[in-house]
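In: kindly return the folded structure for what I paste below:
(2 chains)
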Amino acid sequence: MNFTVPNDNLDKHECPLAVIKCVDFRFRESDQEFIEKGLGFKDFDLYSWPGSAKDVLKNNGFKTDFVDKLVSVSIGLHSVKKLLLLWHWDCGAYGGSKKFASDDEQASAYIKDMTIVRDMLVKELPNDLEIIIAYSKSGPQGLEYIVVE
Amino acid sequence: MVEYFFMFFLDKQNNKEKTLLTFDVSNSLMEESQCFTAVLRCVDFRVCESDHLFMSCFLNSLGEVSTFDTYSWPGSQKDVFDCVSFRNRFLELFEKVSIKHHGVKRLVVLMHWDCAGYGGLQDEETFKAELARAKTFLEDQFPRIEIVLAYSKAISDNTLRYVVLNYFMEERKNDFHASQTGKS
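Out: Numbering: from 1, shown residues only, chains lettered A, B, ... in the order given. You can find the predicted model right below:
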């Protein structure tokens, strides 16, 4: 069984951004739209892992493996200059929205973990790599993507 | 219809952090809880969009909706064999998240042309051998999951051919739907 698919990127060697996001099927298209139209990046290395980069907080080797891959592949080979850590609403890695008493509590938990992960990764990655943190939240239009400082 | 709202540099009232940007996107899947397919693919930006398009075409050809969990890691399945910590985490989380939480029944292992994880591999026989090795291992780990093998090959400067190995559509389609309804 074969499928023929157009691809205009085959002769490219560099992209500006790497993204790590969750595997959850519900967010694939909307995450893509946020990155392309909200942030303005069409080309990016995409790391997809359950809970996004939440595993950095665990002592299971993920941080070391992720940093190694980022440095050797995305930075070393593709000359990536920015890294986006993207969390999503109702994330199963946190037990879903039902585990939180309120939306504010859920958002605070995500922001707290994203900030800790960013601060941990900053120490391991090259100084000139900019790290962006963002999460999606259920809103009246569907999802609201929020980039925080 | 998608509407976009940009709000730059707004201070949030209730939190210490500063909101730099908000962006609204429509999403019709928030109430969904199950998908039947997952893909393990490489992170390479050059094939991101075409890999997703291939997955949609493949699932649509089976008469299924194009929703799938996406696992992206450099070299796709390579670290299942080369990195013990990756293998352990992948096996644990794929079962916990995709199989048990989302109800995934099928895993597509997808390699791509000129993959740096394999030193810029452009040899179809090596693709087939690596994928066959992955299938043997993953079927042993997840005997109830259908393992589908695929790779992309450049056939012109701007076209990829995605090859699905040993996949007989009608037969597998019937098997898959039978498994969903519990029929033997």
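In: do you know the pLDDT at A:Gly139?
Out: Turning to A:Gly139, the model gives it a pLDDT of 82.
In: next one: the one 5 residues further on
Out: Each residue has a pLDDT score; the one for A:Glu144 is 95.
In: what helix or strand does it sit in?
Out: strand A:142-148 (DSSP states H and E).
In: looks to me like B:Leu53 is in a helix.
Out: Yes. If the criterion is DSSP: H, G, I helix; E, B strand; the rest coil, then B:Leu53 is within a helix.
In: how near is the closest residue to it other than its chain neighbours to A:Ser30?
Out: Closest residue to B:Leu53 apart from its sequence neighbours, by C-beta to C-beta, 6 or more residues apart in numbering or on different chains: A:Val5 at 5.2 Å. The way it works is simple: take the backbone N, C-alpha and C, and place the C-beta from them, glycine included. Distance, A:Val5 to A:Ser30, using C-beta to C-beta, to the nearest Å: 22 Å.
In: follow-up on the earlier one: tally of neighbours for the residue nearest to B:Leu53?
Out: 18 (other C-beta atoms under 10 Å in any protein chain shown).
In: which residues does it bridge with?
Out: Counting by DSSP bridges, A:Val5 is bridged to B:Leu160.
In: quick one: A:Leu77 from B:Gly120, how far?
Out: A:Leu77 sits 10 Å away from B:Gly120, going by C-beta to C-beta.
In: the longest strand anywhere in chain A packs against which elements?
Out: Longest strand in chain A, counting residues (DSSP state E): strand A:130-139. Helices and strands touching strand A:130-139, as assessed by 3 or more C-beta pairs under 8 Å, 6 or more residues apart in numbering or on different chains; DSSP states H and E, comprise strand A:82-87, helix A:103-122, strand A:142-148.
In: show the contacting residues for B:Leu29.
Out: Counting by C-beta atoms under 8 Å, 6 or more residues apart in numbering or on different chains, B:Leu29 touches A:25-27, B:67.
In: in stretch A:135-146, what's buried?
Out: A:135-139, A:141-146 (16 or more other C-beta atoms under 10 Å in any protein chain shown).
In: equivalent analysis for stretch A:6-26, please.
Out: Those would be A:7, A:9-10, A:15-26, for stretch A:6-26 by 16+ other C-beta under 10 Å.
In: ok, and of these, which contact chain B?
Out: A:7, A:9-10, A:15, A:18, A:23-26 (C-beta under 8 Å from any C-beta of the partner chain).
In: state the mean pLDDT of the longest helix seen in chain B.
Out: For chain B, the longest helix by residue count, based on DSSP state H, is helix B:124-141. The predicted model gives helix B:124-141 an average pLDDT of 95.
In: touching chain A at all, it?
Out: No. Helix B:124-141 is not in contact with chain A by C-beta under 8 Å from any C-beta; minimum separation 12.3 Å.
In: which residue, other than its chain neighbours, is closest to residue 38?
Out: Let's take chain A. Nearest one to A:Gly38, counting by C-beta to C-beta, 6+ apart, is B:Phe23 at 3.5 Å.
In: think we crossed wires, I meant chain B
Out: B:Asp69 (3.9 Å).
In: give me the number of residues near the one you found?
Out: Neighbour tally, B:Asp69, other C-beta under 10 Å: 26.
In: try B:Leu165
Out: B:Leu165, neighbours per other C-beta under 10 Å, totals 15.
In: report the separation between it and B:Glu125.
Out: From B:Leu165 to B:Glu125 the distance is 12 Å (C-beta to C-beta).
In: hmm, back to that, which of the three states applies to the residue nearest to A:Gly38?
Out: Applying three-state DSSP: B:Phe23 is strand.
In: now do the contacts for the residue nearest to the spatial centre of chain B.
Out: For chain B, B:Val39 is the residue whose C-alpha lies nearest the centre (C-alpha atoms, centre = their mean; 2.0 Å). Applying C-beta under 8 Å, 6+ apart to B:Val39 gives the contacts B:51, B:55, B:68-71, B:107-110.
In: out of these, name the ones that lie in strands.
Out: B:69-71, B:107-110.
In: residue contacts, the closest residue in space to A:Asp103 that isn't next to it in sequence?
Out: In space, and not counting its chain neighbours, A:Asp103 is closest to A:Lys137: 7.2 Å by C-beta to C-beta, 6+ apart. When the contact criterion is C-beta under 8 Å, 6+ apart, the partners of A:Lys137 are A:89, A:103, A:107, A:143-146.
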